[in-house]
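Participant: No sequence on hand, only this structure:
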């Protein structure tokens, strides 16, 4: 069985393929001939992941899944949330995003936050399922660490003393929001296919 992961990142495809049984083969967007950038203009993570999966399913006629991730800071009413990648503008500059976030938190005692990933899977019959992964934690005062990507240097997961960016990749990948959502998807695929 073949399923498309709506991503152009071959590392993401390999990572999830390694978690799946041999009879399920993952395809990237490039593998199915989808070279266009997928829209993400919905107001929720659920909406964005569904929009991407739905586009691939209806235009390329393959079962597929897509994900969307956001950082939600409680003292900022859940911001940056769905616009995490473009919080400081359309240029998607993570340095500017972190700077803006830290400046908005200046003087606030409540630094609680969570990373949230939503995966939407659409099977060959068009049936949709969503899987969510959440990691709670807190925002640091300054970036720390050089690993990872995105907001990793300013997020410390609950129960840990290091930011995601200070952790080895394999340690982060065991506890991350994306890993939790992916494990739920893999469990579902293994049981139903």
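Facilitator: Received, thanks. Source: prediction; values computed, not measured.
Participant: Flag the shaky bits of the chain, pLDDT-wise.
Facilitator: Within the chain, not a single segment meets pLDDT under 70.
Participant: Could you pull up the residues touching the residue nearest the centre of it?
Facilitator: The centroid of the chain falls nearest to residue 69 when counting by C-alpha atoms, centre = their mean (3.4 Å). For residue 69, the contact set (C-beta atoms under 8 Å, 6 or more residues apart in numbering) comprises 45, 84, 115, 116, 117, 118, 177, 178. Bear in mind the C-beta positions are built from the backbone N, C-alpha and C, glycine included.
Participant: List the buried residues for the helix or strand hosting the fourth one?
Facilitator: Right, residue 116. Element membership of residue 116, judged by DSSP states H and E, is strand 112-122. Neighbour counts using 16 or more other C-beta atoms under 10 Å place 113, 114, 115, 116, 117, 118, 119, 120, 121, 122 of strand 112-122 among the buried residues.
Participant: Mind putting the contacts of residue 69 into JSON lines with distance to residue 104?
Facilitator: Output for the contacts of residue 69, formatted as JSON lines (distance: C-beta to C-beta, whole Å):
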{"residue": "45", "distance to residue 104": "20"}
{"residue": "84", "distance to residue 104": "13"}
{"residue": "115", "distance to residue 104": "17"}
{"residue": "116", "distance to residue 104": "19"}
{"residue": "117", "distance to residue 104": "23"}
{"residue": "118", "distance to residue 104": "24"}
{"residue": "177", "distance to residue 104": "22"}
{"residue": "178", "distance to residue 104": "25"}
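Participant: quick one, helices of this structure?
Facilitator: For the chain, applying DSSP state H gives helices covering 10-17, 45-60, 94-105, 169-175, 177-192.
Participant: Of all these, which one is nearest residue 139?
Facilitator: helix 94-105 (6.0 Å; C-beta to C-beta).
Participant: could you give the angle of the closest one to strand 112-122?
Facilitator: Here helix 94-105 runs at 130 degrees with respect to strand 112-122, directions being taken by axes from the mean of the first three to the mean of the last three C-alpha atoms, to 10 degrees.
Participant: same for helix 94-105, what does it pack against?
Facilitator: Applying 3 or more C-beta pairs under 8 Å, 6 or more residues apart in numbering; DSSP states H and E, one finds that helix 94-105 contacts strand 64-73, strand 128-139.
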